[in-house]
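>>> Build me a model:
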Amino acid sequence: MLAAHLALVLVTQSPTGPTDLTNPIPTASDGFGSAVAIEGDLAVVGARDDVGSATAAYGPGTVTVFRRIAGAWSQEARLTASDGATRDAFGASVAVDRRANGRDVIVGGAPGRGSGSFDSPGSAYVFERGPGGAWFERARFDGDPTRERFGWDVAVEDGVAAIGQPDFIGTVHLVERTPSAQWTSTGAASRPATVFDGAEFGEAVAMDGPLLVVGAPGEDAQSYDSGATYVYRRGPSGSHALESRLEHPSAFVVTYHGHDVAVDVDGGVERIAVGSLDRRAFVWIRSASGWVDVEELAPFDGDDEGFGETVAVSGSRVVVGALRRLGASSSSGAAFEFVANGSGWTPRSLIVEAAAGGSTAFAASLALDGSTLLVGAPQADAPSADSGAALVYDVDRRLGKAYCVGRPGSSGATATLVPHGSVDAAADDLAFDVFGMPAGTYGYLLASGSRDQVPGLGGGFGDLCLGGPISRIISAAGNADGSGRRTFAVPSAGLPPSLSFTPGTRLAFQYWFRDADGGVPSTNTTHAVELVFE
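This next block holds a predicted model:
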């Protein structure tokens with residue numbers, strides 16, 4: 001077995017933006033961010049095509065480990081399989097368990113191992129962090145040589161790992177750390193009788209506390225490929241027993257319910273987030289009478305492309321990925337944050353990252369622990385084509401509540417307004433980014449003390465999301481750059497007399513810009529963001 005040498009490398013960190021968990025040796029098509037996992041002070045990023053050097057493409061894959069020390073993320077180790085071969089896709093799936101049975105554990109899937117494609121039998125590797133801080137490969141588990149995609153998704157909790165194999169048969173394999181510190185196979189989770197061949201059982205797996213959740217998106221629950229999700233509970237004997245089958249609430253629609261799953265057990269409250277391929281996501285909560293579908297989530301704006309393909313949940317927070325959404329640029333992707341309130345789940349923030357480049361597949365992978373969100377963008381050109389990116393956000397520090405809608409414009413993108421800085425009135429450091437406008441277009445910021453929604457502002461594309469009176473902040477006017485982006489500060493000294501940044505003031509902001517409708521001059525708007533100053 002090979003040890004991964006401990007290497008602390010400082011990671012780029014911004015006080016107002018995300019932390020960039022840097023690909024150690026970025027080369028073209030690494031796919032850094034193919035999979036992500038986070039727990040406590042450990043973050044893990046898979047790069048399924050990483051070669052491990054800067055000279056070739058499509059290697060066996062790597063997994064990079066980052067640790068948060070005194071609030072800053074540092075690269076700790078770069079893991080490779082001891083017997084890795086070209087296109088094994090090690091890092092296509094990752095999971096982390098902080099202090100499992102006394103040791104930190106990482107599991108990485110290699111679904112291409114065997115023939116270098118996703119028709120391969122596949123493998124999964126278990127790594128542990130030793131007392132000296134180095135990571136060691138402790139075990140490898142192989143799929144049946146007559147079957148495919150072992151390791152497509154993985155999960156680990158308290159010394160037990162689940163390995164999904166969503167081939168035509170579909171199985172979830174369980175492995176466990178024994179008292180003698182050895183990892184051994186304990187068989188497979190019982191495959192429910194309702195799961196037929198072709199249901200892709202094991203496409204997604206997740207574990208937390210006593211729960212194991214398995215997605216079967218290809219199952220014909222009520223209609224063709226409507227999908228289902230299965231919940232298992234670990235009992236005192238250590239075995240996982242099937243508890244529930246969660247069906248899509250409108251199962252006669254082709255949805256692939258269970259394309260992605262996430263689970264969280266927090267203070268006795270058990271929550272499951274389920275993603276689908278029909279531009280929706282769902283939240284299930286365990287009640288005294290069983291699992292209840294409490295919310296159907298949808299994007300708050302008009303652009304839902306790819307919404308629901310990835311999900312993450314932690315406590316009263318759910319994040320849903322829309323990796324093909326027309327955001328900062330065509331197919332750049334976005335993530336939507338929702339928070340629980342007394343009556344349901346409310347959209348809180350929209351996360352896009354123009355710096356990641358064009359077709360980035362931003363939010364192709366998500367992991368959430370408390371307010372710390374880890375987002376993978378494996379197609380980001382950072383710096384080589386498709387070398388990939390992974391970004392960490394403190395979502396509690398993201399400003400404001402996004403609401404209302406933005407409409408796709410002539411560029412094909414939906415323009416997005418993102419505040420940054422702070423709502424500290426004394427700091428006077430509020431600023432905004434606007435993404436997704438036509439290149440070079442002119443626009444300015446609008447502000448109001450109230451909300452509204454008036455369709456087709458001035459006969460243009462966008463809705464007016466502010467109530468009267470509305471102020472135009474001319475000091476924030478200007479032209480987008482060649483990528484359709486503007487970044488500008490809004491100092492209190494440049495505000496109209498009717499506005500002020502004083503503690504307790506609630507203001508809503510929206511950006512207006514020139515656009516074209518079929519070549520005819522027109523206008524458009526972003527969604528709106530509401531801020532409360534402190």
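>>> Below-threshold pLDDT in the stretch 251-400 of the chain: ranges please.
Across the stretch 251-400 of the chain, the ranges flagged by pLDDT under 70 are 251, 301-303, 325-331, 343, 353-359.
>>> Try it again at 80.
Applying pLDDT under 80 to the stretch 251-400 of the chain flags the ranges 251-254, 294, 300-305, 324-332, 341-344, 347-350, 352-359, 382-385, 397-398.
>>> Show me where it has its strands.
260-266, 269-275, 281-287, 290-297, 307-314, 317-322, 334-341, 344-351, 365-369, 372-377, 389-394 (DSSP state E, counting those that start in this stretch).
>>> for the stretch 401-534 of the chain, same thing?
401-403, 416-420, 431-435, 442-448, 451-454, 464-466, 470-479, 486-489, 506-517, 520-532.
>>> which stretch in those strands has the least confidence?
Lowest mean pLDDT within the strands of the stretch 401-534 of the chain: strand 401-403, a mean of 80.
>>> what lines up beside that strand in the sheet?
strand 520-532 (antiparallel) (DSSP bridges).
>>> Let me see the contact set for residue 448.
The contact partners of residue 448, taken as CB atoms under 8 Å, 6 or more residues apart in numbering, are 466, 467, 468, 469, 470, 471, 507, 508. Every C-beta, even on glycine, is put in place using the N, C-alpha and C of the backbone.
>>> The spatially most central residue of the chain and residue 442: what is the separation?
Centroid-nearest residue in the chain, with CA atoms, centre = their mean: residue 366, separated by 2.5 Å. For residue 366, the distance to residue 442 equals 35 Å [CB to CB, to the nearest Å].
>>> Under the pLDDT cut-off, which ranges of the stretch 101-250 of the chain? List them.
101-102, 115-119, 221-223, 249-250.
>>> now do 70
In the stretch 101-250 of the chain, residues with pLDDT under 70: 101-102, 116-118.
>>> All the strands of the stretch 51-200 of the chain, residue numbers only.
Under DSSP E, counting those that start in this stretch, the stretch 51-200 of the chain gives strands at 62-69, 72-79, 93-100, 103-110, 123-129, 135-142, 153-157, 160-165, 171-177, 183-188.
>>> Near residue 181, how many other residues are there?
12 (other CB atoms under 10 Å).
>>> Repeat that for the one 5 residues further on.
Summarising burial for residue 186: neighbours were counted as other CB under 10 Å, giving 15.
>>> residue contacts, it?
Under the criterion of CB under 8 Å, 6+ apart, the contact list for residue 186 reads 160, 174, 175, 176.
>>> thought the last one was touching residue 183?
Yes - contact status for residue 176 versus residue 183: in contact at 7.0 Å, counting by CB atoms under 8 Å.
>>> and the two? which has more neighbours close in?
Using other CB under 10 Å as the criterion, residue 176 and residue 183 rank with residue 183 on top: 19 against 16.
>>> ok, the more buried one - contacts?
Per CB under 8 Å, 6+ apart, neighbours of residue 183: 126, 138, 139, 141, 161, 175, 176, 177.
>>> Nearest to residue 207, out of those: which one, please.
Nearest to residue 207 out of those is residue 161 (CB to CB; 8.2 Å).
>>> Throw the strands of the stretch 51-200 of the chain into JSON lines and include distance to residue 447, thanks.
Output for the strands of the stretch 51-200 of the chain, formatted as JSON lines (distance: least, CB to CB, whole Å):
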{"stretch": "strand 62-69", "distance to residue 447": "36"}
{"stretch": "strand 72-79", "distance to residue 447": "35"}
{"stretch": "strand 93-100", "distance to residue 447": "43"}
{"stretch": "strand 103-110", "distance to residue 447": "47"}
{"stretch": "strand 123-129", "distance to residue 447": "50"}
{"stretch": "strand 135-142", "distance to residue 447": "50"}
{"stretch": "strand 153-157", "distance to residue 447": "45"}
{"stretch": "strand 160-165", "distance to residue 447": "48"}
{"stretch": "strand 171-177", "distance to residue 447": "52"}
{"stretch": "strand 183-188", "distance to residue 447": "58"}
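>>> Of all these, which one is nearest residue 458?
Among the strands of the stretch 51-200 of the chain, strand 72-79 sits nearest to residue 458 (CB to CB), with 45.3 Å.
>>> picking up where we left off before, adding distance to residue 393, write the strands of the stretch 401-534 of the chain out as TSV.
Formatted as TSV, the strands of the stretch 401-534 of the chain follow (distance: least, CB to CB, whole Å):
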stretch	distance to residue 393
strand 401-403	14
strand 416-420	11
strand 431-435	14
strand 442-448	23
strand 451-454	25
strand 464-466	24
strand 470-479	24
strand 486-489	18
strand 506-517	20
strand 520-532	16
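>>> so which of those strands gets nearest residue 104?
Of the strands of the stretch 401-534 of the chain, the one closest to residue 104 (CB to CB) turns out to be strand 416-420, at 33.1 Å.
>>> and residue 416, how many neighbours does it have?
Neighbour tally, residue 416, other CB under 10 Å: 29.
>>> The nearest residue to it once chain neighbours are set aside and residue 415, how far apart?
Closest residue to residue 416 apart from its sequence neighbours, by CB to CB, 6 or more residues apart in numbering: residue 435 at 4.8 Å. Residue 435 sits 7 Å away from residue 415, going by CB to CB.
>>> Ok, residue 456 next?
Using CB to CB, residue 456 is found at 16 Å from residue 415.
>>> same check, this time on residue 409
7 Å.
>>> One more: residue 465?
13 Å.
>>> what about residue 468, neighbour count?
10.
>>> Can you give me every residue that contacts the closest residue to residue 454 other than its chain neighbours?
Nearest residue to residue 454 in three dimensions, chain neighbours excluded: residue 464, at 4.2 Å (CB to CB, 6+ apart). Residue 464 makes contact with 452, 453, 454, 457, 470, 510, 525, according to CB under 8 Å, 6+ apart.
>>> Mind putting the residues you listed into CSV with neighbour count and distance to residue 115?
Compiled in CSV, these are given as follows (neighbours: other CB atoms under 10 Å; distance: CB to CB, whole Å):
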residue, neighbour count, distance to residue 115
452, 15, 59
453, 13, 54
454, 13, 58
457, 19, 56
470, 16, 62
510, 24, 53
525, 29, 51
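>>> Fine by me, thanks again.
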